[in-house]
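> Fold the stuff below for me.
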Amino acid sequence: MLVLEKNSITEEIEALVVENGSDRSALMPILQAVQAKHRYIPDFAQQEIARLLDIHPVEVFSVISFYSFLHSEPQGRNIVRLCRTIVCDLAGKTEVEKAVMRELKINIGETTKDKKVTLEHTNCLGMCDQGPAMMVNDKIYTKLTPEKAVEILKSI
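All right, here's what the predicted structure looks like:
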């Protein structure tokens, strides 16, 4: 079965190379597509991407580790990102963060046991005038209170 999975991933990446090209500029769209499908970029996929783009595997991993929205480890079905700018801190993010961690029973950088939610920090959501802010998957929530954040989590 592992061989079938590897063949499937190789075929998937080959199709992405056809779609996006085989030069360095194709790396980010290919990584994003693999992550969108699998919720992370497996080691084997990283190796295949490097091979098909003719770049070193370390280059692929460094891009993944540089960008906070890319992951080399499995993530939850829902990604909750709390803005960690000083503006959100001043607007009360610490209390929101405590409430979110208490509700999910995990810390920043962890995934719930049922794999429903991964909790992360992000550097900026571009909502400084409406902080504290949180993004759940692709939706941004602003002017959070601890109660409002918990209510949002219960809805996912």
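> where exactly do the strands run in this structure?
Secondary structure of the chain (DSSP state E): strands at 78-83, 117-122, 134-136, 139-141.
> Identify the residue nearest the geometric centre of the protein.
In the chain, the centroid-proximal residue (CA atoms, centre = their mean) is residue 69; its distance is 3.8 Å.
> got the contact list for residue 137?
78-79 (CB atoms under 8 Å, 6 or more residues apart in numbering). For glycine as for every other residue, the C-beta is placed from the backbone atoms N, C-alpha and C.
> That one and residue 61: what is the separation?
According to CB to CB, to the nearest Å, residue 137 and residue 61 sit 25 Å apart.
> what's the answer for residue 34, then?
In terms of CB to CB, residue 34 sits 13 Å off from residue 61.
> More neighbours: which of these two?
For residue 34 versus residue 61, neighbours defined as other CB atoms under 10 Å are more numerous around residue 34 (23 against 16).
> Surely the more buried one and residue 16 touch.
Yes. Judged on CB atoms under 8 Å, residue 34 makes contact with residue 16 at a distance of 7.3 Å.
> so who does the closest residue to residue 65 other than its chain neighbours touch?
Spatial nearest neighbour of residue 65, chain neighbours left out: residue 72 (7.2 Å); criterion: CB to CB, 6 or more residues apart in numbering. Shown in contact with residue 72 (CB under 8 Å, 6+ apart): 40-43, 46, 61, 64-65.
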